[in-house]
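Asks: requesting a structural model of the entry that follows:
(one chain, ligands or ions: 3)
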Amino acid sequence: MKAVVLMNMGGARNEKELKEFLFNMFMDKRIINSPVRYILAPLISNFRYKKVWKNYEKIGGSRIYKITQNLTNKLKNDNYDVLYSMRYSKPNLKDLNLDKYSEILFLPLYPHYSFTTFQSSVDEIEELNLNKPYKIIKPFYKNVKFNEIIKENILNSINDTKEWNLIFSAHGLPKSIIKKGDTYEKEINEHVNILKKLLPEFKSISLAFQSRFGPTEWLKPYLHEELKKYKNENVLIYPISFMIDNSETDLELKVEYAHLAKEIGIKNYKVVECPNDSEKTAEFLKELINESNNSKS
Ligand SMILES: C=CC1=C(C)c2cc3[nH]c(cc4nc(cc5[nH]c(cc1n2)c(C)c5CCC(=O)O)C(CCC(=O)O)=C4C)c(C)c3C=C
Ligand SMILES: [Fe+2]
Ligand SMILES: [Fe+2]
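Replies: Ligands and ions are numbered 1, 2, ... in the order given. Prediction:
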């Protein structure tokens, strides 16, 4: 029997899970590539989780689990089992009982490559030392079906596109990681260009980066700076880095940046849903899985 494993970052449904998530994230060499992580991971997780959980409570915890579980159920069929794993929270890949499968197809749910996301998932797969055939589906931001879903979600959120300024909000990344050869920024720019060509006319279309963390320089423009340009205007945000809604979209974009938008005097501020567990997303992923199962390498 074959298995397909959906892989995602993880998230927090309670305080304990948040502490674990933060600890595991900052212990990942793809996030902090120096032994200083052995000091920073316990420090950041211990000092941050209580304060951050107060914010997570506003959204009742992360939706990443529920949606990933629904998507997993929708993909189930007679030809292969479908499972999911989370990089920084349970179940981790090593917790799944993969021994019983003859072949495995891994599907990291990241549309773009980054050392910190896709490559970190590859690390996790390699650590399993599997002695059976397996494949890993590559980032899929160029996929036509995927981009049709994004287009549809954007257009279903508003009526007159010419009245709205569309901002693609990408999760940020430290510039130091890009300098080491991470292609994330390049792929995000390419993705924005693909989507621009598919979309009708908006008042404006731009790209900004959310979630800067710590004192170093991250990819720019920062979303909080970009928003300042739109006093008395309508702003529609599309969270371009994510397949599935999570605290970065439900809390950061829909609560925290929404609050900032109000302070700035933005007229209307809306955030588009991610592809999530819709029928169309399940169809798209089934196609991606079938293409991969039928390909040689
Ligand atoms: C050094 C810090 C971080 C890097 C680099 C980073 C990259 C990165 N993250 C995502 C997706 C998600 N991140 C999420 C939460 C989250 N991310 C960081 C830090 C970095 N992310 C922190 C500290 C947190 C926790 C929240 C907080 O304390 O502010 C999540 C959400 C999890 C959830 O609970 O729902 C996702 C998803 C991407 C795609 C990415 C690089 C491209
Ligand atoms: Fe993050
Ligand atoms: Fe964030």
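
Asks: now do the helices in the chain.
Replies: All helices of the chain, identified by DSSP state H, fall at 15-26, 37-56, 64-75, 118-126, 144-157, 175-179, 184-198, 223-227, 247, 257-264, 279-294.

Asks: check which helices and strands the last one sits against.
Replies: When contacts are defined as 3 or more Cβ pairs under 8 Å, 6 or more residues apart in numbering; DSSP states H and E, helix 279-294 packs onto helix 64-75, strand 103-108, helix 144-157. (C-beta placed from N, C-alpha, C; glycine too.)

Asks: which among those is found nearest to ligand 1?
Replies: Smallest distance to ligand 1 across those (Cβ to the nearest ligand atom): 4.6 Å, for helix 64-75.

Asks: just the buried residues of the closest one, please?
Replies: For helix 64-75, the neighbour count (16 or more other Cβ atoms under 10 Å) marks Ile64, Tyr65, Ile67, Thr68, Leu71, Thr72, Lys74, Leu75 as buried.

Asks: domain parsing for this protein?
Replies: By the assignment in automatic domain parsing, the chain contains the domains 2-140+278-294, 144-271.

Asks: using a markdown table, lay out the ones you listed together with distance to ligand 3 and mean pLDDT.
Replies: Output for the domains of the chain, formatted as a markdown table (distance: least, Cβ to the ion, whole Å; pLDDT from 0 to 100):
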| stretch | distance to ligand 3 | mean pLDDT |
| --- | --- | --- |
| domain 2-140+278-294 | 9 | 96 |
| domain 144-271 | 3 | 97 |
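
Asks: quick revisit: distance to ligand 1 added to the helices and strands packed on helix 279-294, as a markdown table?
Replies: Converted to a markdown table, those look like this (distance: least, Cβ to the nearest ligand atom, whole Å):
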| stretch | distance to ligand 1 |
| --- | --- |
| helix 64-75 | 5 |
| strand 103-108 | 11 |
| helix 144-157 | 15 |
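
Asks: what does the stretch 1-150 of the chain put close to ligand 1?
Replies: Within the stretch 1-150 of the chain, the positions near ligand 1 by Cβ under 6 Å from any ligand atom are Met9, Gly11, Ala12, Leu22, Ile31, Arg48, Val52, Ser62, Ile64, Ser114, Thr116, Thr117.

Asks: picking that back up, what is the nearest of the buried residues of helix 64-75 to Ile264?
Replies: The closest of the buried residues of helix 64-75 to Ile264 turns out to be Ile64 (Cβ to Cβ; 28.6 Å).

Asks: didn't the closest one look like it was pressed against Leu6?
Replies: No: between Ile64 and Leu6 there is no contact under Cβ atoms under 8 Å: 11.2 Å.

Asks: one step back: could you dump the helices and strands packed on helix 279-294 to JSON lines with distance to Asp95?
Replies: As requested, those are exported to JSON lines (distance: least, Cβ to Cβ, whole Å):
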{"stretch": "helix 64-75", "distance to Asp95": "14"}
{"stretch": "strand 103-108", "distance to Asp95": "15"}
{"stretch": "helix 144-157", "distance to Asp95": "28"}
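
Asks: so which of those gets nearest Leu236?
Replies: Across the helices and strands packed on helix 279-294, Leu236 has its closest neighbour in helix 144-157 (6.2 Å, Cβ to Cβ).

Asks: residues in contact with the closest one?
Replies: Residues outside helix 144-157 that contact it (Cβ atoms under 8 Å, 6 or more residues apart in numbering): 111, 140-141, 161, 166, 194-195, 198-200, 236, 238, 240, 270, 272-275, 278, 280-281, 283-284, 287.

Asks: packed most tightly, which of the helices of the chain would that be?
Replies: Mean neighbours per residue, mean count of other Cβ atoms under 10 Å, is largest over the helices of the chain for helix 247, with a mean of 23.

Asks: that older thread, with distance to Lys94 added, can I get the helices of the chain in JSON lines?
Replies: Shown next, in JSON lines, are the helices of the chain (distance: least, Cβ to Cβ, whole Å):
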{"stretch": "helix 15-26", "distance to Lys94": "12"}
{"stretch": "helix 37-56", "distance to Lys94": "19"}
{"stretch": "helix 64-75", "distance to Lys94": "18"}
{"stretch": "helix 118-126", "distance to Lys94": "8"}
{"stretch": "helix 144-157", "distance to Lys94": "29"}
{"stretch": "helix 175-179", "distance to Lys94": "25"}
{"stretch": "helix 184-198", "distance to Lys94": "26"}
{"stretch": "helix 223-227", "distance to Lys94": "35"}
{"stretch": "helix 247", "distance to Lys94": "24"}
{"stretch": "helix 257-264", "distance to Lys94": "36"}
{"stretch": "helix 279-294", "distance to Lys94": "22"}
